[in-house]
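S.K.: Below are the sequence and a predicted model; questions follow.
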Protein chains: 4
Amino acid sequence: MTVKVGINGYGTVGKRVADAVQAQDDMSVIGVAKRSPTYEAEMANEKDYPFYAASDKYLHRFEEKDITIEGMLEDLLDVADIIVDCTPKKAGYKSVYEKAGVKAIWQGGEKHELTGLSFNSMANYDEALGADYLRVVSCNTTGLLRTLYPLHMSVGIERCVAVMVRRGADPWDTKRGPINAITPVLDIPSHHGPDVQSVVPEINILTTAVKVPTTLMHLHSVTVDLKEDMPTEEVIDLWEKTSRVKLFEASQGIDSTAKVMEWAKDRGNHRGDLNEIAVWRDGTKVEDGTLYYYQAIHQESDIIPENVDAIRAMMELERDGNESIKATNKAMGIE
Amino acid sequence: MTVKVGINGYGTVGKRVADAVQAQDDMSVIGVAKRSPTYEAEMANEKDYPFYAASDKYLHRFEEKDITIEGMLEDLLDVADIIVDCTPKKAGYKSVYEKAGVKAIWQGGEKHELTGLSFNSMANYDEALGADYLRVVSCNTTGLLRTLYPLHMSVGIERCVAVMVRRGADPWDTKRGPINAITPVLDIPSHHGPDVQSVVPEINILTTAVKVPTTLMHLHSVTVDLKEDMPTEEVIDLWEKTSRVKLFEASQGIDSTAKVMEWAKDRGNHRGDLNEIAVWRDGTKVEDGTLYYYQAIHQESDIIPENVDAIRAMMELERDGNESIKATNKAMGIE
Amino acid sequence: MTVKVGINGYGTVGKRVADAVQAQDDMSVIGVAKRSPTYEAEMANEKDYPFYAASDKYLHRFEEKDITIEGMLEDLLDVADIIVDCTPKKAGYKSVYEKAGVKAIWQGGEKHELTGLSFNSMANYDEALGADYLRVVSCNTTGLLRTLYPLHMSVGIERCVAVMVRRGADPWDTKRGPINAITPVLDIPSHHGPDVQSVVPEINILTTAVKVPTTLMHLHSVTVDLKEDMPTEEVIDLWEKTSRVKLFEASQGIDSTAKVMEWAKDRGNHRGDLNEIAVWRDGTKVEDGTLYYYQAIHQESDIIPENVDAIRAMMELERDGNESIKATNKAMGIE
Amino acid sequence: MTVKVGINGYGTVGKRVADAVQAQDDMSVIGVAKRSPTYEAEMANEKDYPFYAASDKYLHRFEEKDITIEGMLEDLLDVADIIVDCTPKKAGYKSVYEKAGVKAIWQGGEKHELTGLSFNSMANYDEALGADYLRVVSCNTTGLLRTLYPLHMSVGIERCVAVMVRRGADPWDTKRGPINAITPVLDIPSHHGPDVQSVVPEINILTTAVKVPTTLMHLHSVTVDLKEDMPTEEVIDLWEKTSRVKLFEASQGIDSTAKVMEWAKDRGNHRGDLNEIAVWRDGTKVEDGTLYYYQAIHQESDIIPENVDAIRAMMELERDGNESIKATNKAMGIE
């Protein structure tokens, strides 16, 4: 069985989910939906993704731009087994999907309450088996779970404080600032801590966040009081064995988010993405039972493989989470 | 007695120290020294600060630019009671000052070992009384001491973790980046923790740091486990009463480092500086005995009043630190 | 007679106009109006500018913040001789001012058609004598007029092409980007050329513009085919004698917009502003009858003295434009 | 015959030239040389490019990092038919190549005088046939030639003024600024005009340049007085037919350098590069015989295909420039 995946919203996340789904053996893109006829719509046509108009508001402009339309969003819902919703947050399509009787996945911009089930491939694949609706947690939360969950499962986490230095806007987004300022997120704690707990309630974590003038990646400075002490090298080993965590070394010239992105481009990654979480080997240290480390999050792409795994779990294509992770990674070129 | 202060190095720090010294009743600028005839040298002339050449390498160029020279650095050392060294770090003038038999103050770019005495007005004024040499700690360390020392003296600090989001370069400095990256300082812990302890050894603090593409201010996200619990409002009250700490409110539109700087310009501060440490009232919170807060540091100017106090202590113009702080603040327009 | 000036809108431009008006001998601030109780409102209170609420929407919040209100905008219109409108563009207050029978000045965000009279102190002071309504042209247009008008009046301009490299947002404005991109203004020619001609129709000028990730100043690269050849030094001399044009030298270390702003802060300018247009002496060159030069525009402040002159002309406080310019400059500390 | 190409310098340009050469049918990478064992060296190993140490200074560190070395630079010169020099400018390898009797290509950082032959595929392929040494002109000069040469050959250029808004640093380069400033290049005219003329002396062009805080692309605002008038649409048509010029439309959402780069990533271009020059269709206009347009230059990659063509000409693999351009484009995926 090849699962037919529809994608509603074809921007930063939608276009990446489409390519990742199409790369798998057990699922394929049955169509993508978008409201307006930007160049992305044209590219969807070129990639032979059946294109559906998400609104009739701009129908005439699709015609002007010679973009072939397969139908309206409703038509896509008819033929899809499952929808990945990549629309801006609170777009409010839930009732539309319910009416059409189609399963759906949302992204981390939505609240946990929308689906009651927040997802991370490594932490709770099993809970997603057969589910109708779920939410893949945000890029930052996914990043925290990737490095914290293995610690939680081995020595245990007494308390974690993570300070998140967030990129101000995505690379393509020229409207948003700041150009020259640091903006603290004054709600303390920030929502990322509870968001981690929406997947693994047992992790005691508190987060703060600031926004800075860069577009490339988020960077976290994380402090973890471990339940049992663990030498630095063992922490590194643990992460070496963890899927979708990639260790870098400043001593080899990879000493900033910019260099991590350069590495990803050099490696030939599609779109120059980094689906893995970047952790600095020489920026990791355990001192007196407290672990300090930095990690960088490619905000546009780390959640993409989780979307693929979520589809596989919800459609029960694979009952073993580790097997799904392996399959997704292989198809996407993740080591 | 009016103490005659010489300033060696007339850049970002030197020009500010000069104006701050000149504003006091009990000291005045006997001369400033600089190597090259940039516009700052011209401005020193306009302000009637006697100008000395710190090197004979560029003497002809001073002439070309019509900059009046009073003499060489050595001549300044002859007439000064005390030198504030504002040269780039490791410029190595110590033996020159020793030979001339003049007292000297260095800035935070130098190591504690250079003088064996690291200074913060509030924390250890007494130790500086009559001293020949001392070091005013860096802008970041000064910022940490301003908010942590009062906590240390009231309820006590069990442990403090501070993540420092540092500006990449000063506003005028167009040579240094990054333009679009976050660079983690991989030495963990960063040197700022031990630097705080060079003034107050009892404070248990660990710091990490990242560099970001902004020029305006550093921003710290600080987590403090308090020895005794204390309600958020009492922490705020404590800082309200602390000199050189200024509370801001995002709810009044001051929600970023850029807005703090705008406020300082609007207030009419000289050069738009902020000598105080900016703390967000609505970004401060105590939860379960742990205090979380953000503070912003104007890297170019927070240490300036400490230099003035250091002069007063070393020259024994005033034996009471609080009185010196009051005098300095009044002359500099610090509330 | 002291003219009573009301200011509607108390943001970037309004707060500067208020201080500039207050510094003059023949006019004073009778009140400022603003919609919301941000810190600027508080500062207006501290400066003893009578404060008026521009809308009743946020009245309760003024009370909460303890900001004293003198009355509503309508009350201000009753007591003012003239209003300087510093509200966001197209705020549409014209009919309100007409109804109140008060003279009014708008800023360059509005179109020429709103008033039929576009103003620059040097170029058309006479036209503004006794006028009821006029528009001070934008910061960029003012900058172009300051350097082009003297050329137009001496040797004449055959054709001018100006490429304007615009700052993306003001320093305090953290919402707007771009963070890392150059955005060309694709309408060719940009509106700045016709805007120059709204003041001096005879100047043959064409402009293009790009937006870049900086907050400090706009920078123009200007190419002028002169009607008669003129040596570089004579162009420099002409600008030396021109009011509100200031020549800088890269050879003295002032080689970027950041250094120009540093100079303005060092000079002690209020808010670190530069009311003059900055032209690089060593970036100016005439070759084969074509003049090339760069100029930088402090977008927040170059138009402020023009507003003061406009008041003087409209209220007929002074019939000679040069005398008004001199008076304004002296009161504002412009050389 | 498969030409054996050696590459000296394996950074931004070198790694791209290697991949482009390897993609061709008639040439292959016989080896790459680099001084220090950064991650790029490791990647060269992974790509099976024989790796040579360009200096013995860091030999021990190559060993530490487990990077396999084939030999020293001299050994590479022995086996290579031609060297592409991608070292930093003025590295001074010319005499080394001469001694080894190997042909060599330099990049635009070097002066014309080094080789006496400056190269652009479209403009002077014939001159390069059989040459021993040449210089591929810089990214900006290449960009100007791509759009100006077709105009020069059709209606002719009376005069061209180009203002170049240059990126401050490459994306990976975190050391260089500016972070928040515009820096004018005060030498007027800038060197780019004469550089264009080093390839086509007949083009009357004058350039100025400013540096801005972005990493993605350079952007040019170009004004061309045409010898004969030509409607806007014909200019567009001319460029549509020109190789390595790509037209974009802001109306489809590609309205900044950031969006151009996003397009290149979406298209699946290797490293997200854009070898073509980006011209905005809706930013091009002819008015009264003067053409105005904007173009964006991907500084890291536009010169790569020119290097391949230069090899083909120098080694006389192909005598017809157009055929070489076609072959290069096809192998590199340039439309």
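M.R.: Sure, I can see it. Numbers count the residues shown, from 1 in each chain, chains lettered A, B, ... in the order given.
S.K.: So the residue of chain A most remote from its centre versus D:R176, what's the distance?
M.R.: Distance from the centre of chain A peaks at A:E64, with 34.1 Å (C-alpha atoms, centre = their mean). Using C-beta to C-beta, to the nearest Å, A:E64 is found at 44 Å from D:R176. (Glycine included, C-beta is placed from N, CA and C.)
S.K.: A:L291 now?
M.R.: 34 Å.
S.K.: who's more crowded, those two?
M.R.: A:L291 (23 against 17; other C-beta atoms under 10 Å in any protein chain shown).
S.K.: who's that one bridged to?
M.R.: Bridge pairing for A:L291 (DSSP bridges) gives the partners A:V224, A:V286.
S.K.: Am I right that it is in contact with A:W239?
M.R.: No - the criterion here is C-beta atoms under 8 Å, and A:L291 misses it with A:W239 at 11.0 Å.
S.K.: Count the neighbours of the closest residue to A:D255 other than its chain neighbours for me.
M.R.: Nearest in space to A:D255, with sequence neighbours left out and distances taken as C-beta to C-beta, 6 or more residues apart in numbering or on different chains, is B:T183 at 6.4 Å. Residues near B:T183, counting by other C-beta under 10 Å, number 23.
S.K.: In terms of helices and strands, where is A:S221?
M.R.: strand A:218-226 (DSSP states H and E).
S.K.: Look up how far chain C lies from A:Y93.
M.R.: 28 Å (C-beta to the nearest C-beta, to the nearest Å).
S.K.: got the contact list for A:L59?
M.R.: A:L59 makes contact with A:A53, A:I69, according to C-beta atoms under 8 Å, 6 or more residues apart in numbering or on different chains.
S.K.: tell me the pLDDT at it?
M.R.: Model confidence at A:L59, given as pLDDT, is 85.
S.K.: and it, how far is that from chain B?
M.R.: Taking C-beta to the nearest C-beta, one finds A:L59 at 38 Å from chain B.
S.K.: next one: A:S324
M.R.: 32 Å.
S.K.: cool, A:K211 as well?
M.R.: 8 Å.
S.K.: Pull the contacting residues for the closest residue to that residue other than its chain neighbours.
M.R.: Leaving aside its sequence neighbours, A:K211 sits nearest to A:T183 (C-beta to C-beta, 6+ apart; 4.3 Å). Shown in contact with A:T183 (C-beta under 8 Å, 6+ apart): A:V210, A:K211, A:V212, B:D255, B:S256, B:T257, C:T174.
S.K.: picking up where we left off before, okay, the angle between the strand holding A:S221 and strand B:218-226?
M.R.: 20 degrees (axes from the mean of the first three to the mean of the last three C-alpha atoms, to 10 degrees).
S.K.: What is the distance between strand A:218-226 and the centre of its chain?
M.R.: Computed by C-alpha atoms, centre = their mean, to the nearest Å, the chain-centroid distance of strand A:218-226 equals 19 Å.
S.K.: helices or strands up against it?
M.R.: Applying 3 or more C-beta pairs under 8 Å, 6 or more residues apart in numbering or on different chains; DSSP states H and E, one finds that strand A:218-226 contacts helix A:139-153, strand A:157-167, strand A:290-297, strand B:205-212.
S.K.: so when I look at A:I7, I'm seeing a strand, right?
M.R.: Yes - counting by DSSP: H, G, I helix; E, B strand; the rest coil, A:I7 is part of a strand.
S.K.: what sits opposite A:L247 in the beta ladder?
M.R.: Where A:L247 sits in a bridge, its partners, by DSSP bridges, are A:V279.
S.K.: Contacts only, for it.
M.R.: A:L247 touches A:I236, A:W239, A:E240, A:V279, A:W280, A:R281, counting by C-beta under 8 Å, 6+ apart.
S.K.: Check chain A and tell me which residue is nearest its centre.
M.R.: Centre-most residue of chain A, counting by C-alpha atoms, centre = their mean: A:I303, 1.5 Å.
S.K.: That one and A:R244, how far apart?
M.R.: Between A:I303 and A:R244 the distance is 10 Å, computed by C-beta to C-beta.
S.K.: which ones are touching A:V79?
M.R.: A:K4, A:G6, A:I30, A:G31.
S.K.: Any chance of these in JSON lines with neighbour count, secondary structure and pLDDT as columns?
M.R.: Putting the contacts of A:V79 into JSON lines (neighbours: other C-beta atoms under 10 Å in any protein chain shown; DSSP: H, G, I helix; E, B strand; the rest coil; pLDDT from 0 to 100) gives the following:
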{"residue": "A:K4", "neighbour count": "18", "secondary structure": "strand", "pLDDT": "98"}
{"residue": "A:G6", "neighbour count": "29", "secondary structure": "strand", "pLDDT": "98"}
{"residue": "A:I30", "neighbour count": "23", "secondary structure": "strand", "pLDDT": "98"}
{"residue": "A:G31", "neighbour count": "24", "secondary structure": "strand", "pLDDT": "97"}
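S.K.: Can you pull the residues of the stretch 151-300 of chain A lying near chain C?
M.R.: Proximity of the stretch 151-300 of chain A to chain C (C-beta under 8 Å from any C-beta of the partner chain) is limited to residues A:168-169, A:171, A:173-181, A:183, A:213-215.
S.K.: Which of those sits closest to B:M153?
M.R.: A:T183 (31.4 Å; C-beta to C-beta).
S.K.: Report the buried members of the contacts of A:L247.
M.R.: The neighbour-count test (16 or more other C-beta atoms under 10 Å in any protein chain shown) marks A:I236, A:W239, A:V279, A:W280, A:R281 as buried among the contacts of A:L247.
S.K.: Now the last one. Nearest residue, chain neighbours left out?
M.R.: It refers to A:R281. A:R281 sits nearest to A:L247 (C-beta to C-beta, 6+ apart), 4.6 Å away.
S.K.: so what's the residue of the stretch 51-200 of chain A found nearest chain B up against?
M.R.: Residue nearest to chain B within the stretch 51-200 of chain A: A:A181 (3.5 Å; C-beta to the nearest C-beta). For A:A181, the contact set (C-beta under 8 Å, 6+ apart) comprises A:P213, B:T214, B:L216, B:S256, B:T257, B:A258, B:K259, C:T174.
S.K.: ok, 6 Å please
M.R.: When contacts are counted by C-beta atoms under 6 Å, 6 or more residues apart in numbering or on different chains, A:A181 touches B:S256, B:T257, B:A258, C:T174.
S.K.: now the closest residue to A:V21 other than its chain neighbours: how far from B:M332?
M.R.: Of all residues not flanking A:V21 in the chain, A:V5 sits nearest, at 4.8 Å (C-beta to C-beta, 6+ apart). Going from A:V5 to B:M332 by C-beta to C-beta gives 65 Å.
S.K.: in the stretch 51-200 of chain A, which spans are helices?
M.R.: Under the criterion DSSP state H, counting those that start in this stretch, helices of the stretch 51-200 of chain A are mapped to A:59-64, A:73-79, A:94-100, A:121-124, A:139-153, A:192-197.
S.K.: Which residue ranges make up each domain of chain A?
M.R.: A:3-137+A:303-332, A:139-297 (automatic domain parsing).
S.K.: Show me what from the stretch 151-300 of chain A comes close to chain B.
M.R.: Selection of the stretch 151-300 of chain A residues close to chain B by C-beta under 6 Å from any C-beta of the partner chain yields A:161, A:163, A:165, A:180-184, A:186, A:188, A:208, A:210, A:212-214, A:219, A:221, A:223, A:250, A:256-258, A:280, A:282-283, A:285, A:292, A:294.
S.K.: and the residue nearest to A:V21, how many neighbours?
M.R.: Neighbours of A:V5 (other C-beta under 10 Å): 28.
S.K.: re the thing from before, highest neighbour count among the contacts of A:T183?
M.R.: That'd be B:T257 among the contacts of A:T183, by other C-beta under 10 Å, with 31 neighbours.
S.K.: shouldn't that one be in contact with B:A296?
M.R.: Yes - counting by C-beta atoms under 6 Å, B:A296 is a contact partner of B:T257 at 5.0 Å.
S.K.: quick one: common contacting residues for those two?
M.R.: Contacts common to B:T257 and B:A296, judged by C-beta under 6 Å, 6+ apart, are B:M217, B:L219.
S.K.: Report pLDDT for A:D75.
M.R.: Per-residue pLDDT puts A:D75 at 97.
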